[in-house]
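A.B. asks: With the sequence up front, the predicted model follows.
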Amino acid sequence: MSRKSPLPRVREEMPVSRREERKSRHRMEILRVLRKSQQPLTSGEIAEALASAGYLLSERTVRLYLNELDREGLTISYGHRGHTISEKGLAELRIAQTVQRVGYLSARIDEMTYKMTFDLERRTGTVVVNTSVVNPRDLAQCLDAVCQVFYKGYGMGRRLAILEPGETIGGVQIPAGKIGFCTICSITFNSVLLKHGIPTASRFGGLLELRDGKPVRFAEIIHYDGTSIDPLEIFIRSRMTNYRGAITDGNGLIGASFREIPEDARDVVIHLEEEMARIGLGGIMAVGLPSQPLLGIPVISGRVGVIVIAGLNPIAILEEIGYQVYSRALSGLLDFSRLITVDDLPEVLQKYLP
């Protein structure tokens, strides 16, 4: 009787997608190690650096990866001295990091919504703010236009704060010779609603077209879950806004966002917005009807669309006029007691002018 040969052992192959994902991750980690170094690194030195970060790759494996990266122009070989990252490699890293950060803004919105402590009834606690770093002389030159954005109702309420040189909020530090111009971030609205038991779905930010001072449609939109940068920051830097038209004859393009709330909460939300507006924090431009489109934007059944003014609008007019401003949306939390009204701005600004 012949003896059957044992069945061959089946080798479990890693799915191609997972192999490629792991390979891509290892390549990016090698580029990150090289980016941090001021001098060429050998495959052994790179393997050591990777091991300390939790990536256990042999020196031979690192060397194979480096050969690929050299051929693609992402790294530069200096023979026995080692390798450095190239400009093309740096660009590849930036692209990879941007892809990894998609969805970051949505997570940041949720984080700040929960962290804010403002109590609407007591008028105490922290609110979410945007911060713009600006030369006080430039702000003085455009002061009338900035104030008009507030007075026309194109700002998130009528309150703001001025940070002095040396102060820090979030990751933004105010350098010497500049001031921080803090405006109320529209996410403050989300947090106030949440504290009253009303969840808010933030869908997108965009450029809202105005005709005779009334909103007619969104000319441009960027969904929050598909970007790593606040949409209005993109529109401002691209000079796509038209605040001057908005404050002159009511025809322009301003920053706004689209939210959704439960339809049963509609009346409560309108009441809360009136309370916020009473203390200078209001910012709703339009509230839709249950399950009905708002300015052509469809909403999910059982919800209501809400258009909220972007907090960066007042200071963004400086960039439109031609002055250099560095703005960061959702920059951090600031105590409500630090806020002043737009009426106080001219007098406060005088303190920072030569």
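C.D. replies: That came through, no problem.

A.B. asks: State the phi and psi torsions of residue 39.
C.D. replies: Per-residue torsions, residue 39: phi -140, psi 160 (degrees, to the nearest 10).

A.B. asks: One more: the one 3 residues further on?
C.D. replies: Backbone dihedrals for residue 42, given as degrees, to the nearest 10, come out at phi -80, psi 170.

A.B. asks: same thing with residue 41?
C.D. replies: The phi/psi pair for residue 41 (degrees, to the nearest 10) is phi -120, psi 140.

A.B. asks: What score does it have for pLDDT?
C.D. replies: Looking at residue 41, its pLDDT reads 95.

A.B. asks: now the one 10 residues further on
C.D. replies: In the predicted model, residue 51 carries a pLDDT score of 87.

A.B. asks: And it, how far from residue 67?
C.D. replies: Per C-beta to C-beta, to the nearest Å, residue 51 is found 20 Å from residue 67. Backbone N, C-alpha and C define where each C-beta goes, glycine included.

A.B. asks: tell me the contacts of the nearest residue to residue 246 once chain neighbours are set aside?
C.D. replies: Spatially, and ignoring its direct neighbours in sequence, residue 246 is nearest to residue 252 (3.1 Å; C-beta to C-beta, 6 or more residues apart in numbering). With contact taken as C-beta atoms under 8 Å, 6 or more residues apart in numbering, residue 252 is in contact with 209, 210, 241, 242, 243, 244, 245, 246.

A.B. asks: same question, residue 72
C.D. replies: residue 88 are the contacts of residue 72 under C-beta under 8 Å, 6+ apart.

A.B. asks: go with 10 Å
C.D. replies: In this structure, residue 72 makes contact with 27, 86, 88, 89, 92, judged by C-beta atoms under 10 Å, 6 or more residues apart in numbering.

A.B. asks: Show me which of the residues you listed are buried.
C.D. replies: The neighbour count (16 or more other C-beta atoms under 10 Å) marks 27, 86, 89, 92 as buried among the contacts of residue 72.

A.B. asks: Most widely separated two among those residues?
C.D. replies: 27 and 86 (13.5 Å; C-beta to C-beta).

A.B. asks: anything in contact with each of the two?
C.D. replies: Common neighbours of residue 27 and residue 86 (C-beta under 10 Å, 6+ apart) are 69, 72, 74, 75, 92.

A.B. asks: farthest pair in these?
C.D. replies: 75 and 92 (10.2 Å).

A.B. asks: show me where the protein has helices.
C.D. replies: Along the chain, counting by DSSP state H, helices occupy 16-36, 43-52, 59-71, 87-100, 104-115, 136-141, 143-151, 187-195, 231-237, 243-248, 266-278, 313-321, 345-349.

A.B. asks: same for the second one, what does it pack against?
C.D. replies: In this structure, helix 43-52 packs against helix 16-36, helix 59-71, strand 83-85, with contacts taken as 3 or more C-beta pairs under 10 Å, 6 or more residues apart in numbering; DSSP states H and E.
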